[in-house]
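Chemist: Provide a 3D model corresponding to the input given below.
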Amino acid sequence: MHVILWEFEPRAGKEAEFERAYGAHGEWAKLFGQSSGYRGTELLKSTIGRTYLTVDCWISASAFTDFKRQWYAQYQALDRQMESLTDSERSIGEYESV
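Modeler: Sure, this is the predicted structure:
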């Protein structure tokens, strides 16, 4: 399993919209779902702050690379569209199951 982690701080007043867009059935999950290598997304909310983590699961790093190559334009367009929902986003990294 290949896992990609991102940290986000949603814009004040946009939390519910952010949760819908970034959650397991949101816009990102729908786009990722175009790939047979996608295994799901989990959205985690901090219990002590305003941050969230997304956990995107793929069968392999190459499955994600293939997805981004094939769906690059749609990925970039959705990324631009979602900018209005967040004050910050940070890539934490990519990890493999051991």
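Chemist: need the CA coordinates for the strand or helix carrying residue 88. CSV is fine.
Modeler: Using DSSP states H and E, residue 88 sits within strand 86-96. The C-alpha trace of strand 86-96 is given here as CSV (Å, rounded to 0.1, in the frame of the first residue of the first chain):
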residue,chain,number,x,y,z
THR,A,86,-8.0,26.4,2.8
ASP,A,87,-5.7,28.9,4.5
SER,A,88,-2.8,26.4,4.3
GLU,A,89,-1.8,23.0,2.9
ARG,A,90,1.4,21.1,3.4
SER,A,91,2.6,17.8,2.0
ILE,A,92,3.7,15.6,4.8
GLY,A,93,5.0,12.8,2.6
GLU,A,94,4.5,9.5,0.9
TYR,A,95,4.8,6.2,2.7
GLU,A,96,4.8,2.5,1.9
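Chemist: for it, packing partners?
Modeler: Counting contacts by 3 or more Cβ pairs under 8 Å, 6 or more residues apart in numbering; DSSP states H and E, strand 86-96 is packed against strand 2-10, helix 61-70. Heads up, the C-betas are built off the backbone N, CA and C, glycines and all.
Chemist: quick one: strands adjacent to it?
Modeler: Strand 86-96 has the following sheet partners, assigned by DSSP bridges: strand 2-10 (antiparallel).
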